[in-house]
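Undergrad: From the sequence below, what's the structure:
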Amino acid sequence: MPGEARLDPRDRGYALGDGLFETMLCRGGRVPLLARHLARMRLGAEVLGMSLPAEAELAGAVAETVETNGLQDGVVRLTVSRGVPEARGLLPTGRERATVVVQAHPYEYPEELYRRGMEAITCGIRRNERSPLARIKSLSYLENVLARREAAARGADEAILLNTAGMLAGASAANVFLVRGRSLITPEVDAGALPGVARGVVVLELAPRLGLGVEERPVKPGELAAAEGCFLTNALMGIMPVRRVDGRPVGGGEARELVARLRKEWERLLSGRDPGSPSSVR
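TA: As a prediction, the model looks like this:
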């Protein structure tokens, strides 16, 4: 809604990071992948043991905020915390009332970034693949902030994180895909990869549409260095090519063309009606 949101400082989301969020793309005044985002938030709430408002209520709040702000193309953030506690302490009572905040504003990644591709670094921070927080979009996001700060300090756009076993997990705000021939390789969720909305679209829809194989499995860092191509995915930027990792060129030629074709299919999907369903969240 327009205006300033007033947050109770006792709210568990503010005080403890106890809550969830979804950052969603708005196109032409609608959020085309809303059903998928709400499904992932519901799964995250199950992990946290947190009650959410009904899906129709959340969807209505998103639609009303987009309409009230007159947003056509941009970003919508839905934040739901566990709410204000009855008493201080770590343990929730289960009687808290969720706090819902929806923000909407214009935003887009520059086309020039897609043309040149992102610069990435391998981050020194390790993702704990055994933590339940690795699989949800929790409000506890400082690990990702620190990873992105490291990338910026090293002159890069994005940071790629390894897990505690030294395998690829994901980027600070994206999933990672490697290109090898007609196959796409991406770290599995058990390796610490977030079940991204855009990741699910690539795995379940875009890759099969282009006749590409997909391998979800443990990925060694050396495979990234040897990959024919690399790209990142999230719901805002869609499919973003990676140009260099740790200063070394990655991909080109046919792999670059394949990533461009995937991006065209992504844009085509966004122009249609939302095909999302809870079963499509990966």
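Undergrad: Look up how far residue 133 lies from residue 99.
TA: 19 Å (C-beta to C-beta, to the nearest Å). (Glycine included, C-beta is placed from N, CA and C.)
Undergrad: If you could redo that for residue 54, that was the one I meant.
TA: 25 Å.
Undergrad: out of the two, which sits in the more crowded spot?
TA: Taking neighbours as other C-beta atoms under 10 Å, residue 54 and residue 133 compare with residue 133 leading, 18 against 8.
Undergrad: contacting residues for that one?
TA: For residue 133, the contacting residues are residue 140, by C-beta atoms under 8 Å, 6 or more residues apart in numbering.
Undergrad: Quick one: the strands in the stretch 101-250 of the chain, in order.
TA: Along the stretch 101-250 of the chain, counting by DSSP state E, counting those that start in this stretch, strands occupy 118-127, 158-163, 168-171, 175-180, 183-186, 213-216, 229-234, 238-245, 248-249.
Undergrad: any chance of the ones you listed in JSON lines, plus mean pLDDT and distance to residue 66?
TA: Output for the strands of the stretch 101-250 of the chain, formatted as JSON lines (pLDDT from 0 to 100; distance: least, C-beta to C-beta, whole Å):
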{"stretch": "strand 118-127", "mean pLDDT": "97", "distance to residue 66": "28"}
{"stretch": "strand 158-163", "mean pLDDT": "98", "distance to residue 66": "28"}
{"stretch": "strand 168-171", "mean pLDDT": "98", "distance to residue 66": "27"}
{"stretch": "strand 175-180", "mean pLDDT": "97", "distance to residue 66": "25"}
{"stretch": "strand 183-186", "mean pLDDT": "98", "distance to residue 66": "31"}
{"stretch": "strand 213-216", "mean pLDDT": "98", "distance to residue 66": "32"}
{"stretch": "strand 229-234", "mean pLDDT": "98", "distance to residue 66": "19"}
{"stretch": "strand 238-245", "mean pLDDT": "97", "distance to residue 66": "19"}
{"stretch": "strand 248-249", "mean pLDDT": "94", "distance to residue 66": "40"}
